[in-house]
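[1] Task: produce atomic coordinates for the following.
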Amino acid sequence: MENFRTETLVTNVFYSVGVGTDQTLINDIFDVKTSKVETQPISSGRDAKGFGEHAMYLLHNFDLWTTDFDTAYYGFFYTPPEFKRISFVDDTTNFFSDQRTHSWQNRRRRDHKDFGLSTYFQYNPYNNMQIVLGGESRFWRGNRISECWHLNFSDLVFDDRMASLTQGDPYARKLQNLYDYNTEVTNFSLFGRSSFQPIESITIQAGGQFNYSKMKVIENPIPFFDFGTMQYFEDVLLRSSADQVDSTGNLRFSEADYQRTYKYFTPWIGSNWNFTRNMNLFFNFATAQKEPTILSWYDFDKGPLFQQRDGKKLNHETAVSFEFGMGFRSHHLRTKANYYRTQYRDKIESVLEFNERINTINAGKALFQGIEFELESEIGRFDFSGSATLSKNRWQKMEVQQIFNANAKDVEGKVVPFLPERMFNASIGYRFTVHQDHHYRAGVDINYWDRYYGTYTNSYMKADGTVASAALPYFLDIGAHLSFTKSFSKCDLTFRLDANNILNRKDNFMRAQYTIDYGRTDEVNGKYHLYVLQAPLLNIFLTTEIALH
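    Predicted coordinates:
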């Protein structure tokens, strides 16, 4: 082997700051006919029930007594008798997180700071060998705050006279925060990879990466609201879950409960054989792991242990993948076809629920396998590209008895939802002029997928009580594009005309969601249902881009 020694060291330092906020109306009512968004109706009976449940929540979780609240009748002393009822521990509910009896404005702030360092050292001891060693460290600190504003309520004594917290004393404009907490994430990784060519036509690569991730939640004290006086409790600042107590008066959670540490090593190996000038064979074997996010194991109201199953904390997900295939490359054409097989263990599955809640579990084992095709070509003024995937994604053995209210025995062997098993996309374009300063291009794009299921059992119950398949109709999007680019000495100017979803269908749905409808007030409230997102109608728009250089 000829000595061809070279060394390269590259180091990058990065720092980012993000500040974001939004406001929404919580528990609103949408009028389909008029498109108006309105608040929930209010009455002394509705208020007495909602405020009373929150008073019991404060008493049982924080040993905090609401002013003028009568626990014997589950209402306030000045509540009309017909609205009082006997209290039960099961009826304790946080007014600001889980009740849907009232509407208010929710203002959420999400800020973060992120900084870190990445570096790698590349060493070429010979002309047919390369070694790369490197690492990365990253520290993330975020702050999330959710505020409640503008609650409407009735006068509990005179039901026909309505009051509003948006008027009068300024303190009444704002109520209790849903949450105020910081998140800290420390990530550290070391990686290495090597490449070796025993002969000119064969390349062997191998490597691995060690990952360390530590997550921490720090709750900040917030003022608690007293519905008995419509003011904050005096000199009371509590953390939304870290200060909750059990029936013996002890804290429910320890400081260690608000931390998670994940460590794992992921090796990989692959090779490529150019058995002719234009054709090659390749294979890859790799492992990958993914840890749960903070919002997967922490809830601002229920605390850090709400996602435990049978006393076990969420584990990181593991995937073992193998693929092999063949490729062809010439001056005008590049194609590739390969088979892949990925075995998942402790597969992480999540659904979005009410008030930013994410319900996450380690569902079990699943096997993904399929065939992929890719093609790219450019002949004269024409350019082509396309890809197709035929896959089979199935659950094997579940590690839970239920997965989001579905029995595990009804899920094993079924298609893993939210991932189409048939996918195809293609693009064809034509350049009217080929010039260094300007060019016109017209193109057509096609995007298609099918065998997309929206529930874990692959079925759902219709309004008439019958059971139907939860497979969405095939999705098809055809678009046409026309662009003109003009190059100047200091910039490029591009005009682009796009027409999307030209052949829109009434049953053209982009994706499905399996979640709880928090706006329901009937018997299906709190239950999981299938929802779909309609694909956009035909739309045409003009875009202008200026690229400076």
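
[2] Which positions within stretch 457-465 qualify as buried?
    Buried residues in stretch 457-465, defined by neighbour count with 16 or more other C-beta atoms under 10 Å: Thr457, Asn458, Ser459, Tyr460. In short, each C-beta sits where N, CA and C put it, glycine included.

[3] Where in this structure is the helix or strand with the lowest mean pLDDT?
    In the chain, the helix or strand scored least confidently by mean pLDDT, DSSP states H and E is strand 162-164, which has a mean of 48.

[4] returning to what we had before: in JSON lines, list the buried residues of stretch 457-465 along with distance to Arg431 and pLDDT.
    Shown next, in JSON lines, are the buried residues of stretch 457-465 (distance: C-beta to C-beta, whole Å; pLDDT from 0 to 100):
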{"residue": "Thr457", "distance to Arg431": "50", "pLDDT": "95"}
{"residue": "Asn458", "distance to Arg431": "45", "pLDDT": "96"}
{"residue": "Ser459", "distance to Arg431": "49", "pLDDT": "94"}
{"residue": "Tyr460", "distance to Arg431": "48", "pLDDT": "89"}
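
[5] Please convert these to JSON lines, extending it with secondary structure.
    Formatted as JSON lines, these follow (DSSP: H, G, I helix; E, B strand; the rest coil):
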{"residue": "Thr457", "secondary structure": "coil"}
{"residue": "Asn458", "secondary structure": "coil"}
{"residue": "Ser459", "secondary structure": "strand"}
{"residue": "Tyr460", "secondary structure": "strand"}
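
[6] tell me the two of the residues you listed that are most distant?
    Maximum pairwise distance among these (C-beta to C-beta): 8.8 Å, between Asn458 and Tyr460.

[7] who touches both of those two?
    By C-beta atoms under 8 Å, 6 or more residues apart in numbering, Asn458 and Tyr460 have these common neighbours: Ala470.

[8] quick one: Thr101 and Phe51 touch, right?
    No. If you go by C-beta atoms under 8 Å, Thr101 and Phe51 don't touch, sitting 9.2 Å apart.

[9] Give me the next element, helix or strand, following the lengthiest helix in the chain.
    Scanning the chain for the helix with the most residues, using DSSP state H, yields helix 44-62. Downstream of helix 44-62, the first helix or strand assigned by DSSP states H and E is strand 69-70.

[10] so what does that next one touch, helix or strand wise?
    Strand 69-70 sits against strand 75-76, with contacts defined as 3 or more C-beta pairs under 8 Å, 6 or more residues apart in numbering; DSSP states H and E.

[11] Partner strands of whichever helix or strand comes after the least confident helix or strand of the chain, with direction?
    Proceeding N to C from strand 162-164, the next assigned helix or strand is strand 179-199, under DSSP H and E. For strand 179-199, the paired strands and their directions (DSSP bridges) read strand 129-149 (antiparallel), strand 202-219 (antiparallel).

[12] sorry, back to before: what residues of the longest helix of the chain count as buried?
    44-59, 61-62.

[13] And stretch 209-216, by the same measure?
    Neighbour-count burial for stretch 209-216 [16+ other C-beta under 10 Å]: Gln209, Asn211, Ser213, Met215, Lys216.

[14] Reformat those as a markdown table; add distance to Glu399 and pLDDT.
    As requested, the buried residues of stretch 209-216 are exported to a markdown table (distance: C-beta to C-beta, whole Å; pLDDT from 0 to 100):
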| residue | distance to Glu399 | pLDDT |
| --- | --- | --- |
| Gln209 | 26 | 97 |
| Asn211 | 23 | 97 |
| Ser213 | 22 | 96 |
| Met215 | 22 | 96 |
| Lys216 | 27 | 97 |
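
[15] Pick the one among these closest to Ser271.
    Gln209 (19.1 Å).

[16] For burial, what's the neighbour tally of Val37?
    Applying other C-beta atoms under 10 Å, we find 11 residues neighbouring Val37.

[17] Quickly list what it is bridged to.
    In this entry, Val37 is beta-bridged to Phe30, by DSSP bridges.

[18] Quick one: residues contacting it.
    If you count contacts by C-beta under 8 Å, 6+ apart, then Val37 has Leu25, Asp28, Ile29, Phe30, Asp31 around it.

[19] cool, and Pro267?
    So Pro267 contacts Ala206, Gly207, Gly208, Ala286, Thr287 (C-beta under 8 Å, 6+ apart).

[20] The first one and Ser195: what is the separation?
    In this case it means Ala206. 8 Å (C-beta to C-beta, to the nearest Å).

[21] and what of the third one?
    Computed with C-beta to C-beta, the distance linking Gly208 and Ser195 is 14 Å.

[22] Please name whichever of the strands paired with strand 179-199 is nearest to Ile348.
    Set against Ile348 and scored by C-beta to C-beta, the strands paired with strand 179-199 come closest in strand 202-219, at 14.1 Å.

[23] The helix or strand following that closest one packs against which elements?
    Counting by DSSP H and E, the next helix or strand C-terminal to strand 202-219 is strand 222-226. Here strand 222-226 touches strand 231-238, going by 3+ C-beta pairs under 8 Å, 6+ apart.

[24] Show me which positions of the strand it packs on end up buried.
    Tyr232, Phe233, Leu238.

[25] now, which of those residues sits nearest Ile379?
    Looking across the buried residues of strand 231-238 and measuring by C-beta to C-beta, the closest to Ile379 is Leu238, at 70.0 Å.

[26] Now that we have the contacts of Pro267, which of them are buried?
    Buried by 16+ other C-beta under 10 Å: Gly207, Ala286, Thr287, out of these.

[27] quick one: which of those residues is nearest Leu538?
    When those are ranked by distance to Leu538 (C-beta to C-beta), Ala286 comes first, at 42.1 Å.

[28] Could I get the full set of strands for the stretch 351-500 of the chain?
    358-362, 364-379, 382-398, 402-403, 406-407, 422-431, 438-450, 452-453, 459-461, 467-469, 471-472, 475-487, 491-500 (DSSP state E, counting those that start in this stretch).

[29] so which of the ones you listed is the most packed in?
    strand 452-453 (a mean of 24; mean count of other C-beta atoms under 10 Å).

[30] Quick check: which element contains Gln40?
    Using DSSP H and E, Gln40 sits in no helix or strand.

[31] Which residues are in contact with it?
    Counting by C-beta under 8 Å, 6+ apart, Gln40 makes contact with Asn27, Asp28, Ile29, Arg46, Arg100, Thr101, His102, Ser103.
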